[in-house]
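Student: With the input below, show me the fold.
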Amino acid sequence: MEPMDIVGKSKEDASLPKATMTKIIKEMLPPDVRVARDAQDLIIECCVEFINLISSESNDVCSKEEKKTIAPEHVLKALEVLGFGEYIEEVYAAFEQHKLETVDTVKGGKWSNGAEMTEEEALAEQQRMFAEARARMNGGAAVPKQSESDPSLQN
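Tutor: Next comes the predicted model:
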């Protein structure tokens, strides 16, 4: 019988991308240091366990505040509760940097500058992005203007 995690899936179902983790491990070490494959696997397992631990404690902190969504503050509090307080400042700085890097993303149908898109504008933007992707896949063919690609959008 396999060990089960808190959501009822076997631990083998929850992992991290091996290639990405291997890259991170290699970037953190001097270039002349090699890491055995089973040591890499152990590091990855430790990372998964750490994520499970932080997630579980963050959920507990969230529940105590009678919230239903784990917020960054809950994760920071979980780090403190679990004895990782010395990392809070660095984790918070990384979170702030992440927010700055993702400020240009589209969320909930709104651009980050607060301007709402109509459904028609969103559809037109989606079609434009699909056309760009097709053009890149087809060897860089020119992307037609919206009015040329979709006669229904012509005035």
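
Student: only C-alpha atoms for contact and neighbour calcs from this point on.
Tutor: Fine.

Student: Alpha carbons of stretch 55-63, as CSV, please.
Tutor: C-alpha atoms of stretch 55-63 as CSV (Å, rounded to 0.1, in the frame of the first residue of the first chain):
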residue,chain,number,x,y,z
SER,A,55,1.0,24.4,2.0
SER,A,56,-0.5,22.5,4.9
GLU,A,57,0.6,25.1,7.5
SER,A,58,-0.6,27.9,5.3
ASN,A,59,-4.0,26.3,5.0
ASP,A,60,-4.1,26.0,8.8
VAL,A,61,-3.3,29.7,9.3
CYS,A,62,-5.9,30.5,6.6
SER,A,63,-8.5,28.4,8.4
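
Student: secondary structure element for residue 92?
Tutor: Counting by DSSP states H and E, the element that carries residue 92 is helix 88-101.

Student: count of neighbours near residue 131?
Tutor: The number of residues packed near residue 131 is 19, by other CA atoms under 10 Å.

Student: actually residue 90, not the one I typed
Tutor: 11.

Student: How much space separates it from residue 96?
Tutor: 10 Å (CA to CA, to the nearest Å).

Student: What are the buried residues along stretch 65-75?
Tutor: By neighbour count on 16 or more other CA atoms under 10 Å, the buried set for stretch 65-75 is 74, 75.

Student: End to end on that stretch, go ahead and measure it.
Tutor: 13 Å.

Student: what separates it from the chain centre, distance-wise?
Tutor: Distance of stretch 65-75 from the chain centroid (CA atoms, centre = their mean, to the nearest Å) equals 18 Å.

Student: Need the contact partners of that stretch.
Tutor: 54, 55, 57, 58, 59, 61, 62 (CA atoms under 8 Å, 6 or more residues apart in numbering).

Student: what's the average pLDDT for it?
Tutor: Averaging pLDDT along stretch 65-75 gives 95.

Student: Would you map the helices across this protein?
Tutor: 18-28, 37-64, 72-81, 88-101, 119-137, 146-149 (DSSP state H).

Student: winner for burial among those?
Tutor: helix 72-81 (a mean of 18; mean count of other CA atoms under 10 Å).

Student: what angle do that one and helix 37-64 make?
Tutor: Angle between the axes of helix 72-81 and helix 37-64 is 110 degrees (criterion: axes from the mean of the first three to the mean of the last three CA atoms, to 10 degrees).
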